[in-house]
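Novice: structure of the sequence below:
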Amino acid sequence: MTAGQPDIKTTGLPPAFPDRAAWGTATKLRAWQAAALTQYFETHPKDFLATATPGAGKTSFALTLAANLLDRRIIDRIIIVAPTEHLKTQWAEAAHKINIGIDPNFGVKQGKTSRDFAGIALTYAGVAQNTLGLRIRTEGFKTLVILDEVHHAGDALSWGEAVREAFEPATRRLMLTGTPFRSDANPIPFVTYEPEPGGGMRSKPDYSYGYGQALADSIVRPVLFLAYSGDLHWRTSAGDEVAARLGEPMTRDLAGQALRTALDPQGAWIPAVLKAADTRLTEVRGHVPDAGGLVIATDQNSARAYADLLHAITKRKPTLVLSDDPQASKKITKFAESDDRWMVAVRMVSEGVDVPRLAVGVYATSTATPLFFAQAVGRFVRARARGETASVFLPSVPNLLGFAAELERERDHVLKAPSTPDEAQLLADAERTETEPDGDDEERGGFAALESNADFDRVVFDGADFGLAAQVGSDEEQDYLGLPGLLEPDQVRELLRRRQAEQVARGPRVVAPEQSAHARLRELRKELNGLVAAWHHRTNRPHGVIHTELRNACGGPPSAIASADELQQRIDLIREWAITGRS
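Specialist: Numbers count the residues shown, from 1 in each chain. Just a heads-up that it's a prediction; the model follows:
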């Protein structure tokens with residue numbers, strides 16, 4: 001037994017679980033799981049909140065704890081509450097492997113389940129449907145309640161009240177979460193809060209294991225974020241036509257419309273990004289033959305359209321997973337066990353769903369909250385072997401790039417004033433749009449995406465930016481799409497630096513003489529922005545400060561209205577800085 005690891009030998013097993021003793025002594029726990037179990041059994045708390053990054057093994061930790069409590073006869077029944085129907089089944093399958101019978105089909109109106117089961121699994125919505133019945137069931141046995149992704153108990157006041165009412169009499173409660181808590185006005189039941197300096201309350205986990213720790217322990221994969229910009233053109237609901245570049249500073253409303261234009265399947269942006277992602281997947285599969293990809297869409301109409309685009313690109317039909325499809329859960333399981341290339345979904349695969357072979361993702365959804373982003377990225381980080389990397393393609397939108405740069409940041413649950421908009425409402429709105437998209441806007445004379453194109457913008461890795469802006473299909477883009485599929489984090493970092501240095505050293509790309517003045521200016525702005533991003537990475541100075549220094553040195557107006565000669569002067573100057581190492 002590893003030093004410090006709790007004794008999980010089984011004694012006095014109930015007759016239904018005769019083989020778990022062998023499993024208990026053979027199970028190899030990860031260091032964080034052993035530490036968390038040690039802490040638990042040193043204190044024997046009624047409530048325990050464990051936060052661990054997706055892919056770290058929260059399910060294994062919880063079931064090891066449950067088996068131990070069963071074997072010590074501290075509890076005799078288990079109730080597992082999960083966010084989705086698919087996750088109920090996933091929990092039951094995991095429990096079956098260690099001879100704990102969990103009924104995932106327990107009807108909230110039924111009072112009993114088969115004697116073959118030591119517990120049941122249901123959703124948070126199910127708890128709200130029969131709170132009293134579940135309270136009676138919880139009181140009738142020594143019950144362990146496992147609240148998976150417990151932040152969902154704060155999704156709606158009625159859900160939180162139902163969870164508190166149903167499980168207040170439980171013998172033990174274990175709360176799990178693998179993503180950052182959001183800020184809202186609803187306290188999460190059974191979670192401990194502490195006062196913050198300056199006012200407010202913040203949740204206090206009993207044990208935390210973040211992405212940075214898991215990456216250092218080689219439990220999760222390093223994630224490359226490949227960001228794509230592009231020129232967009234759309235008509236607003238007021239009838240005004242707007243042209244903008246994805247990622248440029250703009251109002252929140254315009255930024256949302258720009259993102260919506262980029263994600264429109266009738267434009268050129270999303271097909272180009274899907275093709276780039278498939279190219280990346282091919283490269284990864286050269287090292288990891290069963291690697292799969294996932295596209296996360298905003299709504300069902302978009303998901304169907306993206307599936308058609310992937311079919312045209314790959315000549316293979318991707319797996320399409322929609323929430324109202326009764327076969328959705330089976331489709332996810334079948335995809336997880338196959339070596340198919342692509343799956344397209346809306347929200348079904350955004351949280352908790354375990355498909356370890358997912359290695360390439362496309363974040364093609366307008367849902368842009370820290371919680372949902374972390375949930376989505378969590379689908380790609382589970383490591384199966386050393387050196388596996390994950391690649392997530394996303395729009396070059398400032399808030400998404402910020403989330404990518406702060407992947408290792410841990411956020412607790414902060415209680416806010418009830419009048420403050422929160423992520424719970426934003427996610428509820430996003431969930432509604434899965435089946436109620438705004439597809440009739442154009443017919444009503446409202447918003448309409450008119451035109452889009454895509455450009456490679458940058459790679460975000462380990463909180464830093466790498467790469468220069470480049471055309472889709474160019475050698476510069478291929479430098480990053482063709483990164484080997486098996487690399488250690490330090491190898492990824494070194495290779496990205498080398499690729500960027502090679503691009504800077506090549507000098508300016510030749511612009512074809514037949515290009516229009518508009519096209520030439522566009523190319524020069526892209527090149528300048530890429531060089532500024534590279535200099536920002538090297539010096540840690542803000543992009544705006546670098547642009548101002550270039551203007552002061554070369555003269556002329558802001559880049560948006562500068563002439564081709566003025567832009568070229570700035571490009572030449574910043575390349576000189578890169579060579580000499582000073583500005």
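Novice: and stretch 83-102, end to end?
Specialist: 16 Å (CA to CA, to the nearest Å).
Novice: try stretch 235-254
Specialist: Span of stretch 235-254 from end to end, CA to CA: 11 Å.
Novice: per-domain residue ranges of the chain.
Specialist: Split into domains by automatic domain parsing, the chain comes to 20-209, 223-487, 507-580.
Novice: quick one: closest of the ones you listed to residue 495.
Specialist: Taking CB to CB, domain 223-487 is the member of those nearest to residue 495, at 6.3 Å. In short, each C-beta sits where N, CA and C put it, glycine included.
Novice: got a list of contacts for the one helix or strand residue 534 maps to?
Specialist: Assessed by DSSP states H and E, residue 534 sits inside helix 517-539. For helix 517-539, contacts defined as CB atoms under 8 Å, 6 or more residues apart in numbering pick out 229, 231, 455, 457-458, 464-470, 500, 504, 508-509, 511, 515, 541-543, 546-547, 550, 559-560, 564, 567-568, 570-571, 574-575, 577-578, 583.
Novice: and stretch 214-226, what's buried?
Specialist: 214, 215, 219, 220, 221, 222, 223, 224, 225, 226 (16 or more other CB atoms under 10 Å).
Novice: so for that stretch, mean pLDDT?
Specialist: Throughout stretch 214-226, pLDDT has a mean value of 90.
Novice: report the distance from that stretch to the chain centre.
Specialist: Mean-position distance between stretch 214-226 and its chain equals 13 Å (CA atoms, centre = their mean, to the nearest Å).
Novice: contacts for the strand or helix carrying residue 91 next, please.
Specialist: Here residue 91 sits within helix 85-96, counting by DSSP H and E. For helix 85-96, contacts defined as CB under 8 Å, 6+ apart pick out 59-60, 63, 66, 80, 82, 101-104, 119, 121-123, 148, 328-329, 332, 348, 352-354.
Novice: ends of stretch 347-354, how far apart?
Specialist: 14 Å.
Novice: so what's residue 190 closest to, chain neighbours aside?
Specialist: residue 47 (4.8 Å; CB to CB, 6 or more residues apart in numbering).
Novice: burial of that neighbour, as a residue count?
Specialist: When neighbours are counted by other CB atoms under 10 Å, residue 47 registers 16.
Novice: quick one: pLDDT of the spatially closest residue to residue 119 that is not a sequence neighbour?
Specialist: Excluding the flanking residues, the one nearest residue 119 by CB to CB, 6+ apart is residue 78, at 3.0 Å. As predicted, residue 78 sits at a pLDDT of 97.
Novice: residue 78 in helix, strand or coil?
Specialist: Under DSSP: H, G, I helix; E, B strand; the rest coil, the three-state class of residue 78 is strand.
Novice: contacts only, for residue 250.
Specialist: By CB under 8 Å, 6+ apart, the neighbours of residue 250 are 244, 258.
Novice: same question for residue 287.
Specialist: 484, 485, 486.
Novice: surely it forms part of a strand?
Specialist: No - counting by three-state DSSP, residue 287 is not part of a strand but coil.
Novice: how near is it to residue 482?
Specialist: Per CB to CB, to the nearest Å, residue 287 is found 12 Å from residue 482.
Novice: now, of the contacts of helix 85-96, which are buried?
Specialist: Buried among the contacts of helix 85-96 (16+ other CB under 10 Å): 59-60, 63, 66, 80, 82, 101-104, 119, 121-123, 148, 328-329, 332, 348, 352-354.
Novice: now, which of these lie within strands?
Specialist: 80, 82, 102, 103, 119, 121, 122, 123 (DSSP state E).
Novice: which residues touch the residue lying closest to residue 141 once chain neighbours are set aside?
Specialist: Nearest residue to residue 141, sequence neighbours excluded (CB to CB, 6+ apart): residue 77, at 3.9 Å. By CB under 8 Å, 6+ apart, the contact set of residue 77 is 118, 119, 137, 141, 142, 143, 144.
Novice: again, only using 10 Å
Specialist: Contacts for residue 77 (CB atoms under 10 Å, 6 or more residues apart in numbering) come out as 70, 113, 117-120, 137-138, 140-145, 170-171.
Novice: residue 359 now?
Specialist: Here residue 359 is in contact with 221, 280-281, 284-285, 287-288, 290-294, 380-382, 384, 388-392, 485 (CB under 10 Å, 6+ apart).
Novice: return the subset of these lying in strands.
Specialist: Per DSSP E, these map to strands at 292, 293, 294, 390, 391, 392.
Novice: closest one of these to residue 257?
Specialist: Nearest to residue 257 among the ones in strands among the contacts of residue 359, with distances taken as CB to CB, is residue 392, at 23.3 Å.
Novice: that closest one pairs with what?
Specialist: Residue 392 has these beta-bridge partners by DSSP bridges: residue 225, residue 361.
Novice: now do the same contact list for residue 257.
Specialist: Taking CB under 10 Å, 6+ apart, one finds 232, 234, 235, 236, 237, 242, 244, 250, 251, 366, 447, 449 in contact with residue 257.
Novice: tally of neighbours for the fifth one?
Specialist: To tie it back to what came earlier, the one meant is residue 237. Neighbours of residue 237 using other CB under 10 Å come to 14.
Novice: for it, give its distance to residue 227.
Specialist: The separation that residue 237 has from residue 227, given CB to CB, amounts to 28 Å.
Novice: cool, and residue 129?
Specialist: 42 Å.
Novice: circling back to that earlier point, burial count for the residue nearest to residue 119?
Specialist: Neighbours around residue 78, by other CB under 10 Å: 28.
Novice: same question for residue 558.
Specialist: Neighbours of residue 558 (other CB under 10 Å): 9.
Novice: so it makes contact with residue 548?
Specialist: Yes - with contact defined as CB atoms under 10 Å, residue 558 reaches residue 548; the gap is 9.3 Å.
Novice: in the helix holding residue 534, what counts as buried?
Specialist: For helix 517-539, burial by neighbour count (16+ other CB under 10 Å) applies to 520-538.
Novice: which two among the buried residues of stretch 214-226 are spaced furthest apart?
Specialist: 219 and 226 (23.3 Å).
Novice: please enumerate the helices of the stretch 151-300 of the chain.
Specialist: Counting by DSSP state H, counting those that start in this stretch, the stretch 151-300 of the chain has helices at residues 157-167, 211-216, 252-262, 269-285, 300-314.
Novice: most packed of the ones you listed?
Specialist: helix 269-285 (a mean of 22; mean count of other CB atoms under 10 Å).
Novice: shaky segments in the stretch 401-550 of the chain?
Specialist: 408-445, 507-516, 518 (pLDDT under 70).
Novice: so, low pLDDT: which residues of the stretch 101-250 of the chain?
Specialist: Using pLDDT under 70, the flagged stretches of the stretch 101-250 of the chain are 108-111, 155-157, 179-185, 198-199.
Novice: go again using 50 as the cut-off
Specialist: The model of the stretch 101-250 of the chain has no residue with pLDDT under 50.
Novice: just give me how far the stretch of helix or strand residue 42 belongs to sits from the chain centre.
Specialist: Applying DSSP H and E as the criterion places residue 42 in helix 31-43. Chain-centre distance of helix 31-43: 27 Å, with CA atoms, centre = their mean.
Novice: may I have it as PDB, with CA atoms only?
Specialist: Provided in PDB are the C-alpha atoms of helix 31-43 (Å, rounded to 0.1, in the frame of the first residue of the first chain):
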ATOM      1  CA  ALA A  31      -1.700  10.500  -6.000                       C
ATOM      2  CA  TRP A  32      -4.400  13.200  -5.800                       C
ATOM      3  CA  GLN A  33      -7.100  10.500  -5.300                       C
ATOM      4  CA  ALA A  34      -5.200   8.900  -2.500                       C
ATOM      5  CA  ALA A  35      -4.500  12.200  -0.900                       C
ATOM      6  CA  ALA A  36      -8.200  13.200  -1.100                       C
ATOM      7  CA  LEU A  37      -9.300   9.900   0.300                       C
ATOM      8  CA  THR A  38      -6.700  10.200   3.100                       C
ATOM      9  CA  GLN A  39      -8.100  13.600   4.000                       C
ATOM     10  CA  TYR A  40     -11.600  12.300   3.900                       C
ATOM     11  CA  PHE A  41     -11.100   9.400   6.200                       C
ATOM     12  CA  GLU A  42      -9.000  11.500   8.600                       C
ATOM     13  CA  THR A  43     -11.900  13.900   9.100                       C
END
